[in-house]
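Participant: 3D model of this:
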Amino acid sequence: MQTVTRDIILAHCIQEYPLEACGLLIGDEHRVVRAFPARNEARSARVFVADPQDVVRARESATAQGLRVVGVYHSHTNSEAFPSPTDVAQAPDPSWWYIVVSLTRPLAELRCFTIDRAEVTEVVIGEAMTLTSGCQS
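Facilitator: I've put the predicted structure just below:
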């Protein structure tokens, strides 16, 4: 993942604290190209619901660039950078990448996962990937 993309995600998560932040990941079958911050419609420190208008704008922006939405990111304000049971249950697409940012320590932690039928697999950011294996840029 590009440093700029990572920085956008981290800055958005820190800016929204103490609420959870969320956004979409834009890319193609080989990489995440950029992050698209969204508003958390739930306005909660424990759950997120990406604003539907922001989701539409992210899809339109991706399509205009010949790309698509390939995942989602969100922050955890009170837990580790690992998908919660709620995150796993609500994961909409097994081909997506799921980035979780933990803000429980002074230094934020960002990790990437795939979620397929409740199976959570961590992906090392930057490793060679396909849509089912990683978050590379």
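
Participant: Stretch 55-72: which residues count as buried?
Facilitator: By neighbour count with 16 or more other Cβ atoms under 10 Å, stretch 55-72 contains the buried residues 55, 58, 59, 62, 67, 69, 70, 71, 72. Bear in mind the C-beta positions are built from the backbone N, C-alpha and C, glycine included.

Participant: So for the nearest residue in space to residue 77 that is not next to it in sequence, what pLDDT did the model give?
Facilitator: Ranked by Cβ to Cβ, 6 or more residues apart in numbering and with sequence neighbours excluded, the top spatial neighbour of residue 77 is residue 45, at 4.8 Å. Residue 45 carries a pLDDT score of 95 in this model.

Participant: Quick one: residues contacting residue 45.
Facilitator: 18, 19, 20, 77, 78 (Cβ atoms under 8 Å, 6 or more residues apart in numbering).

Participant: May I have the phi/psi pair for residue 62?
Facilitator: When quoted as degrees, to the nearest 10, the phi and psi of residue 62 stand at phi -60, psi -50.

Participant: My guess is it contacts residue 71. True?
Facilitator: No: judged on Cβ atoms under 8 Å, residue 62 makes no contact with residue 71 at a distance of 11.4 Å.

Participant: Where neighbours are concerned, which of the contacts of residue 45 has the most?
Facilitator: Across the contacts of residue 45, neighbour numbers were computed from other Cβ atoms under 10 Å; residue 20 holds the maximum, 23 neighbours.

Participant: didn't that one look like it was pressed against residue 79?
Facilitator: No: judged on Cβ under 8 Å, residue 20 makes no contact with residue 79 at a distance of 10.5 Å.

Participant: For the residue nearest the centre of the chain, give the beta-bridge partners.
Facilitator: In the chain, the C-alpha closest to the average C-alpha coordinate belongs to residue 73, at a distance of 1.5 Å (Cα atoms, centre = their mean). The residues paired with residue 73 through beta bridges, assigned by DSSP bridges, are residue 23, residue 99.

Participant: Which strand or helix spans the residue nearest to residue 77?
Facilitator: Applying DSSP states H and E as the criterion places residue 45 outside every helix and strand.

Participant: next one: phi and psi at it?
Facilitator: Dihedral pair for residue 45: phi -90, psi 0, per degrees, to the nearest 10.
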